[in-house]
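[1] Build me a model:
(one chain, ligands or ions: 1)
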Amino acid sequence: MISYLAFCGLILMFYWCYRIISDKDNGFFYLLFCPRTRTTDGSKLTEAVAISKEDKIYKNTFDFKSLSNEKLFNYARNCASEYKRSYLLHGPFTTAYNIIKAEDLEDVMKDPGLISKGRYYHFLDDFLGEGLLISSGSKWHSRRKLLTPSFHFNILEKFLEIFKNESLQFLTILDSQKGEAVSLQKTIPKSILNVICESALGVKLNELQAAEEYRKTIKKIEHLQIERAGQLIMYADLIYKWFGKKREYEKECEEAHKFTSSIINSRREDFKSVYNVGKRSKFALLDNLLLQEKEGLIDHKGICEEVDTLTFEGFDTTSTAIIFTLFLLGQHQDVQEKVYEELCTVMKDEMNLLDYSNFKYLESVIKESLRLYPPVPYISRVVTQDSVCGKLILPKHAEISIHIFDIHRDPNHFLEPEKFDPDRFLPENTKNRHPFAYIPFSAGLRNCIGQRFAMLELKILLSTIVKEFRIVPVTERKDLKFEAGLILRTMGELFVKFERRV
Ligand code: HEM
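    The predicted structure is shown next:
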């Protein structure tokens, strides 16, 4: 019996080797156990998509080995400039379709079957559980339905005061550092975490030490996630647990959960009295979740998942957007003066929600900053059943990597893409733009639920700063170096000076 099995095994092995050697085009797919992408009309794959480094039988398996975060970031940029069209990468068990063209994105964004997040997101499972960012299927549908009303335009009115107060607090911080070179990375995130905690969670962060620790914890979690993404062998949970840094990662998650749990508990106490007396004038997003809990629509674990997701998503992204916009305003004094002039005409003592929509030029500046430096530079999806995308049939389990950073630099949609030019977003210049050429908040079903919230927060904070201070450049744009991450980050800090306007 054993010799019979051994014989069959040997035959299979010979057959396998024969297929690898004889099938020049597809040999590597067998060797890497890598699902194969086909074209809808049977034409050559290379006619529909670029394929990276066809000469190597092990394909892109070792491309990321020992790459620093900076090189990892540049790897994707180099692929984009080399291929100039969307491309496939192959590794063991993995096909990754990398999209850098708006035209190729259409089918992905419109397909309700393509809403499951890529495998890298699941490295965050311990941190974010099945919160809105990571969940899929019916869980995602029900949570999205539950949370959507909390981000309705009318609800934002309630957050105006919080945004305004935090902006005024920020001026005091800038006053204490005026004339000095200020590190934007050290200054901005503190205020933004305060804003998200007060508006989304209803808790004032006077305990700045705890907030400081939370920020550090998030950075560490992100660092561990990127490190894991760069080591193929660590993708398997058991290997990561036995030989990787799973324990360190879990410890960081515990720290982060402690922070958000303490917020939930303290709000639950406040909420009891508010709910009982029916005073609901200043309702935080967390209060809505607590209300849904009373109605049996979500449980405590679900609330924790959503609170962690909202603080994580709402804090780092918005901070990054403000950091880059202030930096760009410093680099472009003419644009800054135009923003200031607009503020002088539009701003009044009591600004309401609609008044902020009159900041047309400031809005273009923010949009252009989000184009050049999208806070989320890359997102991904996993294919759960063979799916047609343009001329491609992507196999089950393939990853779709959407490089927002490169899509925003497509010269077919943005002439001189590296140029900072807010006029690109004036209404007359956006009329004929491809709907997926500009996607800082993603698009389709899984677009950012907090985009209106973020835009309002950005407008209020930036208008308050520019009205009172002139931003003077310190760090030069040519010196920016980026590193791979969930959020767009530079290798060093960005510095500007703030000078009081007279
Ligand atoms: C400038 C600021 C922001 C940017 C650039 C941004 C960008 C994005 C992007 C690109 C996605 C899609 C992620 C993916 O598909 O993997 C996303 C999703 C999400 N964002 Fe934002 N975001 C910002 C602010 C916020 C804020 C302020 C909140 C909450 C208060 C928030 C909450 C979320 C949530 C919960 C999701 C998941 C939505 C879902 O999958 O249904 N974001 N964001």
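
[2] and the chain, which residues reach the ligand?
    Contact residues, the chain versus the ligand (C-beta under 6 Å from any ligand atom): 117, 132-133, 144, 200, 309-310, 313-314, 317-318, 321, 375-376, 379, 440-442, 446, 448-450, 453-454. (Each C-beta comes from the backbone N, C-alpha and C, glycine too.)

[3] where along the stretch 51-200 of the chain do the helices fall?
    Shown for the stretch 51-200 of the chain, the helices assigned by DSSP state H, counting those that start in this stretch span residues 69-83, 102-110, 125-128, 137-147, 153-156, 160-176, 184-201.

[4] Go through the fifth one and flag the buried ones.
    Buried residues in helix 153-156, counted by 16 or more other C-beta atoms under 10 Å: Ile155, Leu156.

[5] rewinding a little: separate out the buried members of the residues of the chain next to the ligand.
    Under a neighbour-count criterion of 16+ other C-beta under 10 Å, the subset of those counted as buried comprises 117, 132-133, 200, 309-310, 313-314, 317-318, 321, 375-376, 379, 440-442, 446, 448-450, 453-454.

[6] So in this protein, where's the weakest helix or strand by average pLDDT?
    When each helix and strand of the chain is scored by mean pLDDT, DSSP states H and E, helix 27-31 comes last, with a mean of 55.

[7] Sheet-wise, list the partners of the following helix or strand past it with their directions.
    Sequence-wise, the next helix or strand beyond helix 27-31 is strand 38-39, with elements assigned using DSSP states H and E. Each strand pairing with strand 38-39, determined using DSSP bridges, is listed with its direction: strand 392-394 (antiparallel).

[8] For Val376, give its distance to Arg409.
    Distance from Val376 to Arg409, counting by C-beta to C-beta, to the nearest Å: 15 Å.

[9] In three-state terms, how would Glu499 be classified?
    Reduced to three states with DSSP: H, G, I helix; E, B strand; the rest coil, the structure at Glu499 is strand.

[10] Strands of the stretch 301-450 of the chain, start to end?
    378-382, 387-389, 392-394, 399-403 (DSSP state E, counting those that start in this stretch).

[11] in stretch 385-398, what counts as buried?
    Ser387, Cys389, Gly390, Lys391, Leu392, Ile393, Leu394, Pro395, His397, Ala398.

[12] And stretch 469-477, by the same measure?
    Using 16+ other C-beta under 10 Å as the burial criterion, the residues of stretch 469-477 that qualify are Phe469, Arg470, Ile471, Pro473, Val474, Thr475.

[13] Once you drop chain neighbours, what's closest to the second one?
    Which is Arg470. Glu499 (4.7 Å; C-beta to C-beta, 6 or more residues apart in numbering).

[14] hang on, isn't that neighbour packed against Gly179?
    Yes - counting by C-beta atoms under 8 Å, Gly179 is a contact partner of Glu499 at 6.6 Å.

[15] List the residues that contact Glu306.
    Going by C-beta atoms under 8 Å, 6 or more residues apart in numbering, Glu306 touches Gly131, Leu132, Arg143, Leu147, Leu289, Ile298.

[16] In CSV, list the residues you listed along with pLDDT.
    As requested, the contacts of Glu306 are arranged in CSV below (pLDDT from 0 to 100):
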residue, pLDDT
Gly131, 92
Leu132, 93
Arg143, 92
Leu147, 90
Leu289, 87
Ile298, 89
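
[17] Let me have those residues in a markdown table, extended by distance to Gln231.
    Putting those into a markdown table (distance: C-beta to C-beta, whole Å) gives the following:
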| residue | distance to Gln231 |
| --- | --- |
| Gly131 | 25 |
| Leu132 | 28 |
| Arg143 | 31 |
| Leu147 | 34 |
| Leu289 | 36 |
| Ile298 | 36 |
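
[18] Which residue does the stretch 351-500 of the chain have closest to the ligand?
    The shortest separation between the stretch 351-500 of the chain and the ligand is 2.3 Å, found at Gly450 (distances taken as C-beta to the nearest ligand atom).

[19] No further queries at this time; thank you.
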